[in-house]
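In: Generate coordinates for the sequence data below:
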Amino acid sequence: MALSGFGQTKKTKNRMTESLLKVVIFTSVPPRSVARIMERIHRGAREAQVVGVLYERRPPKTRQQRLQFWRKKITRPAYWRYSMHRILAKASARLTSLLDAVIRFVHAAPKWPNRRAPYDLDELQADCNASGTELFITPDIHSPESLDFVRRLNPDLGLVFGTGILKPVLFELPKQGSINIHKRKVPDYRGGGAVGLWELLDDQKEIGVTIHRVEAKVDVGAVVQSAVIPIEPFDDLESLSLKAEVVGGDLIVAAIRDFANGTVTETPQSGPGKLFRRPTDEDLLQMKKKLAARRRVKTSHFRWPLWKLFLKSVLNAPKLAIRNRKHRQNADFPVMILYHHLVSDRSHRLGVSTVYFLRQVKYLLRHYRVVSLSEAIELVRKGGVNVPTVAITFDDGYADNFVNLRAVTEETGVPIAYFISTEHISNGREFAHDHVASEYGFTPNTWPQIEVLQGCGYEIGSHTRNRADCGSTDVQFLRDEIIGSGEDIQRRLGTTPHFSFPFGLPENISAPAAEIACASYKNVFSAYRGGNFHQDARRILRRSGFPKTLWELELQLQSVLLGETNEPPHLKVRIDKSGFEGGRINKK
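Out: The predicted structure follows:
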């Protein structure tokens, strides 16, 4: 993860730093999480500069310490159940690795189509160097050397971002003190434990995320920013943790901006509080089982009978292995562009839960090169696709995506293209196709949310003004919907080169609609199945929907589940040698 926007000379950096709020981060979380919050602060709080990171890396336990720990646990039946759970989990991981190896063989793909190794402290050091941030790694965050490091930085504000309990000798060093992120409501849920654990056990309807001042007692400082996250029917500990990470990042940025601008509002905590201790691993396992027994789990239903999926997988594997080796040799793999609608932990016919979408993305990252939509288009134009490749897009612009989709993309780093129906974004009107299906309460994004998504690196594209069916031949209607949505986006965000047809089947794309879209946008997309080959590069690129299950997703990406689609001539037009410039197409 490279931090962007750090091209200033040393003198320029020094002058800028003098006028910025100087922030030091106290942390012991994984390096990738530190890099993410640094990038969030740089992107969202231009009034501040992260001048230093004090990173505590505790030494591993000695053999004697591990033996003492084991003697304490051995008499607990819960520990033996936990140990058996760990053994079974490792066995399951081995089987998954074996299956992954088989899939890679069929794909003719490398073991690491994306990142080769996890983000580590060396990469964090490189990013800190690039951003002018000092990194000090220590086995003891309160050591004299650690304190000297912070004093030398002379920071204005300290950010406690995942550490043990700190002492005043450290957190009082910054001029304006220190703030801490606490992923629970205070004073109701002080202390430790998995995010959402105590709230789920108490049958609460929401969890809180709080930024508060650091004091000697645990989680008692005045609150400077806070938010709540609804607990939806399909939420679990993992999804709530992902969402709290995103919302917490938003609050950290807002709090730092308040400190920089002198607009901090501090609200003392009031009322009785309760302090929770982090449960042991074996106790946490029992709590998870208790929650799983009483909460709904969203299951993904197969559209195909399992026996057919099995037969298709076994019978097609040899043919696919040969075909994919030819693709690798000729560097002509198809570029697959996938589309989703919303990530939601409420029931919706087009939705996928946060946790299951994370599973889908992790699967794609293991077996496909995942690229941005712009990179995918470039690969289709120029060729040279020697690895199975996919891009991910979302349609319509549902508000649920603002937290849930971001939670997954920030966790995984996958790029997203986001097609919006601009009239719905402007007036907040729910989508008509939801009401036809008797699904209510799924509102669209707002323009400020779209601006945030664009700032997060999402490519924003047009999806007509009113999610219109472009099978019409009414030219004025089509121009208003297709061109008008691009004009709406241009006024708010700048010009977009991308347009996707709502519904997107051949019958939803008339010849006049195709002409108008191709003349108005650099890149135009349908929504019917198929890959995009360089040797058959078309002006209107194909996209495929995300199936509900990983098995069907894999078979669809390998074109095993894709049937032939009858395409009218205006959807078969190929690009000319000059590419897409000016919306020109070659009709020969």
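In: what's the helix or strand for the residue nearest to L173 when sequence neighbours are not counted?
Out: Counting by C-beta to C-beta, 6 or more residues apart in numbering, V150 is the residue found nearest to L173 once chain neighbours are left out, at 4.8 Å. For the C-beta atoms, the positions are set from N, CA and C on the backbone; glycine is no exception. Assignment of secondary structure by DSSP states H and E places V150 within helix 144-153.
In: Please compute how far that helix lies from its chain's middle.
Out: Computed by C-alpha atoms, centre = their mean, to the nearest Å, the separation of helix 144-153 from the middle of its chain amounts to 35 Å.
In: give me the element I103 is part of.
Out: Short version, using DSSP H and E: I103 is in helix 77-107.
In: For that helix, list every residue counted as buried.
Out: For helix 77-107, the neighbour count (16 or more other C-beta atoms under 10 Å) marks Y79, Y82, I103, R104, V106, H107 as buried.
In: After that helix, which helix or strand is next?
Out: Once helix 77-107 ends, the next helix or strand along the chain (criterion: DSSP H and E) is helix 121-131.
In: Using CSV, list the CA coordinates for that next one.
Out: Coordinates of the C-alpha atoms in helix 121-131 are reproduced here as CSV (Å, rounded to 0.1, in the frame of the first residue of the first chain):
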residue,chain,number,x,y,z
LEU,A,121,6.9,-3.6,8.9
ASP,A,122,9.4,-3.1,6.1
GLU,A,123,6.7,-1.9,3.8
LEU,A,124,5.3,0.3,6.5
GLN,A,125,8.7,1.8,6.9
ALA,A,126,8.9,2.5,3.2
ASP,A,127,5.5,4.2,3.3
CYS,A,128,6.5,6.2,6.3
ASN,A,129,9.7,7.3,4.6
ALA,A,130,7.7,8.4,1.5
SER,A,131,5.3,10.5,3.6
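In: could you give the mean pLDDT of the helix or strand just after that helix?
Out: Scanning the chain past helix 121-131 towards its C-terminal end, the next helix or strand to appear is strand 134-138 (assignment: DSSP H and E). Model confidence over strand 134-138, given as mean pLDDT, is 97.
In: One more: stretch 326-340?
Out: 97.
In: now the end-to-end length of it.
Out: Across stretch 326-340, the terminal residues are separated by 30 Å (C-alpha to C-alpha, to the nearest Å).
In: repeat for stretch 266-276
Out: Counting by C-alpha to C-alpha, the length from the leading to the trailing residue of stretch 266-276 is 24 Å.
In: contact partners of stretch 200-208?
Out: Applying C-beta atoms under 8 Å, 6 or more residues apart in numbering, the set of residues contacting stretch 200-208 from outside is 183-186, 188-189, 195-196, 199, 226-231, 236-237, 240, 244, 287, 290-291, 295.
In: Compute the distance between L365 and P388, please.
Out: Distance, L365 to P388, using C-beta to C-beta, to the nearest Å: 12 Å.
In: any idea whether Q286 is helix, strand or coil?
Out: helix (DSSP: H, G, I helix; E, B strand; the rest coil).
In: Can you name the residues that contact it?
Out: Taking C-beta under 8 Å, 6+ apart as the contact definition, Q286 lies against A78, R81.
In: if we can go back for a sec, any buried residues in the helix holding V150, and which?
Out: The neighbour-count check on helix 144-153 (16+ other C-beta under 10 Å) flags S146, L147, F149, V150, L153 as buried.
In: do stretch 28-42 as well
Out: Neighbour-count burial for stretch 28-42 flags S28, P31, S33, V34, A35, R36, I37, M38, E39, R40, I41, H42 (criterion: 16+ other C-beta under 10 Å).
In: just stretch 254-266 next, same as before
Out: In stretch 254-266, counting by 16+ other C-beta under 10 Å, buried: A255, I256, R257, D258, F259, A260, V264.
In: Same check on stretch 268-285?
Out: Residues Q269, G273, P279, E282, L284, L285 are the ones in stretch 268-285 that count as buried (16+ other C-beta under 10 Å).
In: In CSV: those residues, plus pLDDT and distance to L550.
Out: CSV is the format used below for the buried residues of stretch 268-285 (pLDDT from 0 to 100; distance: C-beta to C-beta, whole Å):
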residue, pLDDT, distance to L550
Q269, 94, 45
G273, 87, 43
P279, 95, 31
E282, 93, 30
L284, 94, 27
L285, 94, 25
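In: With respect to K326, which of those residues is nearest?
Out: Within the buried residues of stretch 268-285, the smallest distance to K326 is 47.6 Å, found for L285 (C-beta to C-beta).
In: residues in contact with the nearest residue to the closest one once chain neighbours are set aside?
Out: Leaving out its chain neighbours, the residue that sits closest to L285 by C-beta to C-beta, 6+ apart is Y82, at 5.2 Å. Taking C-beta under 8 Å, 6+ apart as the definition of contact, the neighbours of Y82 are D281, E282, L285.
In: quick one on the thing from earlier: out of the contacts of stretch 200-208, which are inside helices?
Out: Filtering these for membership in helices, criterion DSSP state H, returns E199, L237, L240, A244, M287, K290, L291.
In: Would you check that the fifth one makes contact with P279?
Out: Yes. With contacts defined as C-beta atoms under 8 Å, M287 counts as touching P279 at a distance of 6.5 Å.
In: Which residues are in contact with each of these two?
Out: Shared contacts of M287 and P279, counting by C-beta under 8 Å, 6+ apart, come down to L197.
In: Please parse this structure into its domains.
Out: 10-59+119-176, 63-107, 180-297, 306-450+526-583 (automatic domain parsing).
In: any idea which element the one residue sitting closest to the centre of the chain lies in?
Out: Nearest residue to the geometric centre of the chain (C-alpha atoms, centre = their mean): T409, 1.1 Å. T409 is located in helix 401-412, with elements delineated by DSSP H and E.
In: Helix or strand next in line after that helix, which one?
Out: Trace forward from helix 401-412 with DSSP H and E and the next one is strand 417-420.
In: picking up where we left off before, export the ones in helices among the contacts of stretch 200-208 to CSV and tack on neighbour count and distance to R538?
Out: Below are the ones in helices among the contacts of stretch 200-208 laid out as CSV (neighbours: other C-beta atoms under 10 Å; distance: C-beta to C-beta, whole Å):
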residue, neighbour count, distance to R538
E199, 21, 50
L237, 19, 45
L240, 26, 43
A244, 24, 43
M287, 17, 53
K290, 12, 54
L291, 15, 49
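In: Put together a markdown table for those residues, with pLDDT on each row.
Out: Formatted as a markdown table, these follow (pLDDT from 0 to 100):
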| residue | pLDDT |
| --- | --- |
| E199 | 96 |
| L237 | 96 |
| L240 | 97 |
| A244 | 97 |
| M287 | 95 |
| K290 | 92 |
| L291 | 93 |
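In: Farthest-apart pair in the residues you listed, please.
Out: A244 and K290 (21.0 Å).
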